[in-house]
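A.B. asks: dropping the sequence and predicted coords here.
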Amino acid sequence: MATDRLQLQLTTLTPLWTGGVNGKSDRLHVTGIMGSLRWWYEVFVRSVGGTACDPTKHSCIFDKSSDSLCDVCRVFGATGWSRRFKLVLGETSLQQKKPPASSSGREGNLVFNLSSDHPSSLSQGHKWYLPGEPLYGQTQLTVIPTAPPDKSNNYFGPNIIGSLIQFVADRASLGAKPQMGMGVVRLASRQSLSPLLDHLKQIDASHKNKKDGDGKLPCLQNMFFATIHVKSATESDTFDLKYDLRGMFRDLKRDDPRYSDEMRHTIMGYVNRSDRRGAKIMMSYPYDDGMVRLWGWIPKGSQSAPTRENILGEIYHFLDETYQDDFSFWLDYDPKKDDTILSYLEKSVLKGAE
């Protein structure tokens, strides 16, 4: 029944980070998990032509009917309309632990460097910081459907959220700081991806006159997923990859000015005083004997910028040339192969683990 609760047992393959007091991940915060799930749900809704407002602007307000809300807020809640499910933290064995490749910095920060055998390891300035120790271990989450705000008997199926979490476990990362290697998890019992697919088909069917997005926000049409294998398998390998991928964009600029500093900062992230930009490409710590997961999205640039296909082609070529036989998986949307996004979802994205 749709009103039944769903229990999920998660094990960390790379540590979890959900923030907390002073920005430190002292414990698992359900709000951090919920924010991550909403972000991915928005991705899927945009991909099938549904509506997703900007939650930071509080633009969705319930007004007599749920029709006044976007497709995302109908599930995750808005002013005057409660969320359609609860996410309850159960028994947990999560503990804070220092990643082996990190060193202790000031005020409890952790510092990550390039691998000792990386050509640029002796150069200054190539450091990455984490505010504290992340969480490792196991935890239980329970998805509980809530009474429909409109007093109907139309409960939201918890298996849809189970499918969403399974997708994240297969392809992406849960919680905050995915650009720092966090958030790869495994579910003790595999969840079917069919409930999410069926739900997205309903959203697709309800928007007959939908228009394609402008490509400035993440959706499956501008995302990619990849996996490589590293032999030394420490967290430093993640930062080697991050550094080298940024270097790839610098090298491209030498031959093609369209690959500007602005474009590199937009995709790879940038911090300079008040100018802070989050990275669009995420990569995990090594797990399962050296697997490193990458995923990300390429926002639409100016008319003078390289196309999304150009940029993804360069990323693919870099991974293929750098890792060769250890570059094991790549997935992105090609309308020449999949005439609809639902076809792509069913055949590739929601097919299961790579």
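C.D. replies: Received it, and whenever you're ready, just let me know what you need.
A.B. asks: quick check: mean pLDDT across the host helix or strand of Lys242?
C.D. replies: Using DSSP states H and E, Lys242 falls within helix 235-255. Averaged across helix 235-255, pLDDT comes to 95.
A.B. asks: that one: which residues count as buried?
C.D. replies: 235-246, 248-249, 252 (16 or more other CB atoms under 10 Å). Where C-beta positions appear, they are placed from N, C-alpha and C, glycine not excepted.
A.B. asks: ok, stretch 284-296 next?
C.D. replies: Ser284, Tyr285, Pro286, Tyr287, Met291, Val292, Arg293, Leu294, Trp295, Gly296.
A.B. asks: ok, now stretch 52-61?
C.D. replies: Ala52, Cys53, Pro55, Cys60.
A.B. asks: chain center to that stretch, what's the gap?
C.D. replies: 20 Å (CA atoms, centre = their mean, to the nearest Å).
A.B. asks: same question for it, mean pLDDT?
C.D. replies: Here the average pLDDT along stretch 52-61 is 80.
A.B. asks: what of stretch 34-49?
C.D. replies: Stretch 34-49 comes out at a mean pLDDT of 96.
A.B. asks: restrict it to CA atoms and write it as PDB.
C.D. replies: Output of stretch 34-49 as PDB, limited to C-alpha atoms (Å, rounded to 0.1, in the frame of the first residue of the first chain):
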ATOM      1  CA  MET A  34      16.300  16.000   2.200                       C
ATOM      2  CA  GLY A  35      18.000  18.900   0.400                       C
ATOM      3  CA  SER A  36      20.000  16.400  -1.700                       C
ATOM      4  CA  LEU A  37      16.900  14.400  -2.600                       C
ATOM      5  CA  ARG A  38      15.000  17.600  -3.500                       C
ATOM      6  CA  TRP A  39      17.900  18.600  -5.800                       C
ATOM      7  CA  TRP A  40      17.800  15.300  -7.700                       C
ATOM      8  CA  TYR A  41      14.000  15.300  -7.900                       C
ATOM      9  CA  GLU A  42      14.200  18.800  -9.500                       C
ATOM     10  CA  VAL A  43      16.700  17.400 -12.000                       C
ATOM     11  CA  PHE A  44      14.200  14.600 -13.000                       C
ATOM     12  CA  VAL A  45      11.200  16.900 -13.100                       C
ATOM     13  CA  ARG A  46      13.000  19.400 -15.300                       C
ATOM     14  CA  SER A  47      14.100  16.600 -17.600                       C
ATOM     15  CA  VAL A  48      10.600  15.500 -18.400                       C
ATOM     16  CA  GLY A  49       9.200  19.000 -18.900                       C
END
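A.B. asks: tell me where the stretch 201-350 of the chain is predicted with low confidence.
C.D. replies: 211-214 (pLDDT under 70).
A.B. asks: how about 80 then?
C.D. replies: 208-214, 272-275, 302 (pLDDT under 80).
A.B. asks: just the stretch 1-150 of the chain next, same as before
C.D. replies: For the stretch 1-150 of the chain (pLDDT under 80), the answer is 1-3, 20-24, 55-59, 64-66, 107, 122-125, 150.
A.B. asks: how about the helices of it, start to end?
C.D. replies: 30-47, 73-76 (DSSP state H, counting those that start in this stretch).
A.B. asks: of all those, which lies closest to Tyr259?
C.D. replies: Shortest distance between Tyr259 and the helices of the stretch 1-150 of the chain, using CB to CB, is found for helix 30-47: 25.7 Å.
A.B. asks: now what about that closest one, what contacts it?
C.D. replies: Contact with helix 30-47 is made by 17-19, 51-52, 55, 71-72, 75-76, 87-89, 141, 161, 164-165, 167-168, 172-176, 183, 196, 200, 203, 213, 217-221, 223, 341, 345, as judged by CB atoms under 8 Å, 6 or more residues apart in numbering.
A.B. asks: starting at the chain centroid, how far to that helix?
C.D. replies: On CA atoms, centre = their mean, the centre of helix 30-47 falls 9 Å from that of its chain.
A.B. asks: again, but for stretch 321-339
C.D. replies: 18 Å.
A.B. asks: can I get it as PDB, trimmed to CA atoms?
C.D. replies: What follows is stretch 321-339 as a C-alpha-only set of coordinates in PDB (Å, rounded to 0.1, in the frame of the first residue of the first chain):
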ATOM      1  CA  GLU A 321      43.500   9.200 -22.700                       C
ATOM      2  CA  THR A 322      44.400   9.500 -19.000                       C
ATOM      3  CA  TYR A 323      42.900   6.200 -17.700                       C
ATOM      4  CA  GLN A 324      42.600   4.100 -20.900                       C
ATOM      5  CA  ASP A 325      41.400   0.600 -19.900                       C
ATOM      6  CA  ASP A 326      40.500   1.900 -16.400                       C
ATOM      7  CA  PHE A 327      37.900   4.300 -17.800                       C
ATOM      8  CA  SER A 328      35.000   1.900 -17.500                       C
ATOM      9  CA  PHE A 329      31.700   3.800 -17.800                       C
ATOM     10  CA  TRP A 330      30.300   6.900 -19.500                       C
ATOM     11  CA  LEU A 331      26.700   8.000 -19.900                       C
ATOM     12  CA  ASP A 332      25.200  11.200 -21.400                       C
ATOM     13  CA  TYR A 333      22.100  12.100 -23.300                       C
ATOM     14  CA  ASP A 334      22.300  11.900 -27.100                       C
ATOM     15  CA  PRO A 335      19.100  12.700 -28.900                       C
ATOM     16  CA  LYS A 336      20.300  10.900 -31.900                       C
ATOM     17  CA  LYS A 337      20.200   7.600 -29.900                       C
ATOM     18  CA  ASP A 338      17.200   8.300 -27.700                       C
ATOM     19  CA  ASP A 339      14.500  10.300 -29.400                       C
END
